[in-house]
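Asks: coords below, sequence missing:
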């Protein structure tokens, strides 16, 4: 059975790294990774250059949600694509 993937990113988990100068690939574990959930977006097209997301980081309380500009604020921004039960 083939499952269709959701195109929207609201409600999905993410993993990100803030902009850092000349990241060393050999020290990827030291990059300052953060994770959380995307709560809202300002655009339906997730590839748009002015995409902003209302994010809730795992290490902060839900009261401290913040709007972030994905392409300007982060070196790496990964969003879950699909979950598989095994």
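Replies: Thanks, I have it. Just so you know, these numbers come straight off a predicted model, no measurement behind them. Numbering: from 1, shown residues only.
Asks: so where is this structure shaky, pLDDT-wise?
Replies: 1-7, 82-86 (pLDDT under 70).
Asks: Okay, helices next: where are they in the chain?
Replies: Remark: helices assigned in the chain by DSSP state H are 70-73.
Asks: Give me the buried stretch members for stretch 35-53, please.
Replies: 36, 37, 38, 41, 51, 52, 53 (16 or more other Cβ atoms under 10 Å). Just so you know, the C-beta spots here come from the backbone N, C-alpha and C atoms, and that holds for glycine as well.
Asks: And the contacts of that stretch?
Replies: For stretch 35-53, contacts defined as Cβ atoms under 8 Å, 6 or more residues apart in numbering pick out 7-16, 54-58, 60, 65, 67-71, 79.
Asks: List only buried entries from those residues.
Replies: Buried, going by 16+ other Cβ under 10 Å: 9, 14, 16, 55, 56, 57, 65, 68, 70, out of the contacts of stretch 35-53.
Asks: which ones among the residues you listed are found in strands?
Replies: Members of those lying in strands (criterion: DSSP state E): 14, 16, 55, 56, 57, 68.
Asks: right, and the fifth one touches residue 34 too?
Replies: Read it as residue 57. Yes - contact status for residue 57 versus residue 34: in contact at 5.5 Å, counting by Cβ atoms under 8 Å.
Asks: tell me the centre residue of the chain?
Replies: With distances taken as Cα atoms, centre = their mean, the chain has residue 14 as the residue nearest its mean C-alpha position (3.5 Å).
Asks: Let me know whether it touches residue 81 as I believe.
Replies: No - shown here, residue 14 and residue 81 do not form a contact pair, counting by Cβ under 8 Å, at 11.2 Å.
Asks: Using TSV, please lay out the buried ones among the contacts of stretch 35-53 together with distance to residue 22.
Replies: Below are the buried ones among the contacts of stretch 35-53 laid out as TSV (distance: Cβ to Cβ, whole Å):
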residue	distance to residue 22
9	29
14	24
16	18
55	25
56	30
57	25
65	31
68	22
70	21
